[in-house]
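Novice: coords please:
(chains A, B, C and D)
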2 protein chains.
Amino acid sequence: MKTLRADAQRSRERIVQAAETAFRQHGVDASLEAIAKDAGVGSATLHRHFRSRRELVEAVFEGSTNAVAAEAARLAAEQPPGPALFHWLQAVLRYTLTNRGLATTLVPLPDENHEGSCGHDALGAAAEPLLAAAKAAGQVRADVTAADVLALVNAISLLADRDPGADAERLLGLAITGIAPSACTGH
Amino acid sequence: MKTLRADAQRSRERIVQAAETAFRQHGVDASLEAIAKDAGVGSATLHRHFRSRRELVEAVFEGSTNAVAAEAARLAAEQPPGPALFHWLQAVLRYTLTNRGLATTLVPLPDENHEGSCGHDALGAAAEPLLAAAKAAGQVRADVTAADVLALVNAISLLADRDPGADAERLLGLAITGIAPSACTGH
DNA sequence: CCGCAAGTGGGGGCACACCCCATTTTGAAG
DNA sequence: CTTCAAAATGGGGTGTGCCCCCACTTGCGG
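Specialist: Here you go, the predicted model:
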C-alpha cells in the first residue's frame, strides 16, 4: 500500500460509510451501484477501490471484527480457561448474528492467496491462546484445534443466517458439550 | 394438484432433466435461461412451472433426498441405535457435500407456508425414529431433538459448501462427541 | 506554476430474472 | 370427426445489476 492520494482516501471512506448503511438496511447483497451513488462516486471508482463485493464487506466489518477478537484477551483475564473460551465463542456467534450475511465473509476464500486481509485470521489468532489455556486446564479435548472451533461457530452462523428459526446459541452449546456423550462413533 | 395437461407434464420433466445436468456442471446457481433453452422451452414456461429457483432445485433433488431418508430405516435395522444414528448423519452429510449448493435448499424457508415440499421435512421424519432409539439406548442425551441434529449437520454442510478446505466429517464427529467433555458451559 | 501520473465517472456491454400477451395445443363434449 | 374454450407456450420487452473502457479532472512533487 503506497499511500493513497488524498482524494482517493476520501472516496474510499465515503464508500465504506455508504456501504455500512446499505448493508444494515438491505443486507450484504445491497446493490453496489446504489452504494456508489449514495457515496457520491461513480461505480467505476467503487470497483477500483474494492475489486469484489467481498473486499468491501471486509472493509466495512474490519473494525468490529477486530473488536471481537480483542474481547478474547479480556475474557481470558477475567474467567477461568473453560468458560472464557465458551463465552468468547458465544460472543463471536452473537457478533455474526447481529450482522446478517457477515458469516459468509468470515469463511476463508478457497483460493485466496491469503494476504491476511480476511477477518477470519484475526479471529483465529484470538482463539489460539484461549483454546490452549482451556486445553492445559484439561477442560477441552486435546485433539481440537482453533480452526475446528471457529469452523463450528461459523457453520452455525451460516445456518442461522438462512434460518432465523434456528436457535444458534443452543446449537453451539450442543456442539461443545456433545450430542452423544459416550463415543458411539467408533466402528 | 389437478392433473397437469400432457404437454405441460412433458415440459416439466424436460426442464427438471436439463436442470439436473446444469446443476451438476455449474452448480445450483446455473442460469435459468440456459436451462430453459437446453430443455427446449421458453423461459416463461420454466418460470410458470417453478416460481423460484429454489422450487426447481427441490424438484431436481427430490428423489435422491428421499433415498437418503429411506437409508435411515436400513441402518436402523442393521446396526445398534448409536452407530446407526451416527452413520446416517454421516450419510446425510456426504449427500449434501456431493451436490454443492444443495445444503442451502435443505434449510427450511423462514416464511414458507410449509406445503410439505421442502426436502427438509423428509429428513426430519427419517431422523426421528433413529434418534428415539439412540436415546432409549442411553447413547444420546435426552434433551436433543431431531431438529437439533439435522440443524447441526446442515450447518456443517453450509460451511463445507463455501470452504472446501473444511473437513466436514471431522467437524461432525466433534459436534457429536463434544469439544469440551466436561460441561464447562454452566455459570 | 507546470506536467503528469493518479484518480474519476458516465455510459456502454453483457447477463440474468421475470413478465406480457398473441398464438398454438390439448382434450373433451357434441 | 369437428369444434372450441381453457391450458399451455415462447419470443421478446423491461428492469436491474455487475463490470469495464476511456476521455477527462485533479492532486502534488519539482
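Novice: tell me where chain A has helices.
Specialist: A:6-26, A:32-39, A:43-49, A:53-78, A:81-98, A:102-106, A:119-136, A:146-162, A:168-177 (DSSP state H).
Novice: could you dump those helices to TSV with mean pLDDT, mean neighbour count and distance to DNA strand C?
Specialist: In this view, the C-beta of every residue, glycine as well, is placed from N, C-alpha and C. Listed next are these as TSV, based on pLDDT from 0 to 100; neighbours: other C-beta atoms under 10 Å in any protein chain shown; distance: least, C-beta to the nearest atom of the strand, whole Å:
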stretch	mean pLDDT	mean neighbour count	distance to DNA strand C
helix A:6-26	97	16	3
helix A:32-39	97	18	8
helix A:43-49	97	15	3
helix A:53-78	96	17	14
helix A:81-98	97	21	27
helix A:102-106	91	23	19
helix A:119-136	94	19	24
helix A:146-162	97	25	17
helix A:168-177	97	22	28
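Novice: do stretch A:160-171 and chain B meet?
Specialist: Yes. Applying C-beta under 8 Å from any C-beta of the partner chain, one finds that stretch A:160-171 is in contact with chain B at A:Arg162, A:Asp163, A:Pro164, A:Gly165, A:Ala166, A:Arg170, A:Leu171.
Novice: which one of these is nearest A:Gly124?
Specialist: A:Leu171 (21.0 Å; C-beta to C-beta).
Novice: so who does the closest one touch?
Specialist: A:Ile156, A:Leu159, B:Asp148, B:Ala151, B:Leu152, B:Ala155 (C-beta atoms under 8 Å, 6 or more residues apart in numbering or on different chains).
Novice: which one of those residues is nearest to DNA strand D?
Specialist: In terms of C-beta to the nearest atom of the strand, no member of the contacts of A:Leu171 lies closer to DNA strand D than A:Leu159, at 24.5 Å.
Novice: that closest one - nearest residue in space that isn't next to it in sequence?
Specialist: Nearest non-adjacent residue to A:Leu159, counting by C-beta to C-beta, 6 or more residues apart in numbering or on different chains: B:Ala155, 3.8 Å away.
Novice: and the closest residue to A:Arg162 other than its chain neighbours, how far from A:Gly165?
Specialist: Of all residues not flanking A:Arg162 in the chain, B:Val107 sits nearest, at 4.9 Å (C-beta to C-beta, 6+ apart). Here B:Val107 is placed at a distance of 9 Å from A:Gly165 (C-beta to C-beta, to the nearest Å).
Novice: which of these two has more neighbours?
Specialist: B:Val107 (23 against 12; other C-beta atoms under 10 Å in any protein chain shown).
Novice: surely A:Phe61 and A:Gly101 touch.
Specialist: No. In this structure, A:Phe61 is not within contact of A:Gly101 by C-beta atoms under 8 Å, at 9.9 Å.
Novice: correct me, but A:Pro108 touches B:Leu159?
Specialist: No. Between A:Pro108 and B:Leu159 there is no contact under C-beta under 8 Å: 10.7 Å.
Novice: excluding covalently adjacent residues, which one is nearest to the residue positioned nearest the centre of chain A?
Specialist: Centroid-nearest residue in chain A: A:Leu106, 4.2 Å away (criterion: C-alpha atoms, centre = their mean). Once flanking residues are discounted, A:Leu106 sits nearest to A:His120: 5.3 Å by C-beta to C-beta, 6+ apart.
Novice: cool, A:Ser43 as well?
Specialist: A:Ala36 (4.4 Å).
Novice: and that neighbour, what does it touch?
Specialist: A:Ile15, A:Ala18, A:Gly42, A:Ser43, A:Thr45, A:Leu46.
Novice: related to what we said a few turns ago, quick one: residues contacting the residue nearest to A:Leu159.
Specialist: A:Ala155, A:Ile156, A:Leu158, A:Leu159, A:Leu171.
Novice: what's the farthest-apart pair in the residues you listed?
Specialist: Most distant of the contacts of B:Ala155, by C-beta to C-beta, are A:Leu158 and A:Leu171, 11.4 Å apart.
Novice: how many other residues sit next to the nearest residue to A:Ala151 once chain neighbours are set aside?
Specialist: Residue nearest to A:Ala151 in three dimensions, not counting chain neighbours: B:Ala166, with 5.4 Å by C-beta to C-beta, 6+ apart. Residues near B:Ala166, counting by other C-beta under 10 Å, number 22.
Novice: ok, now which ones touch B:Ala166?
Specialist: Per C-beta under 8 Å, 6+ apart, neighbours of B:Ala166: A:Ala151, B:Ile156, B:Leu159, B:Ala160.
Novice: and the gap between the residue nearest to the centre of chain A and A:Val68?
Specialist: 10 Å.
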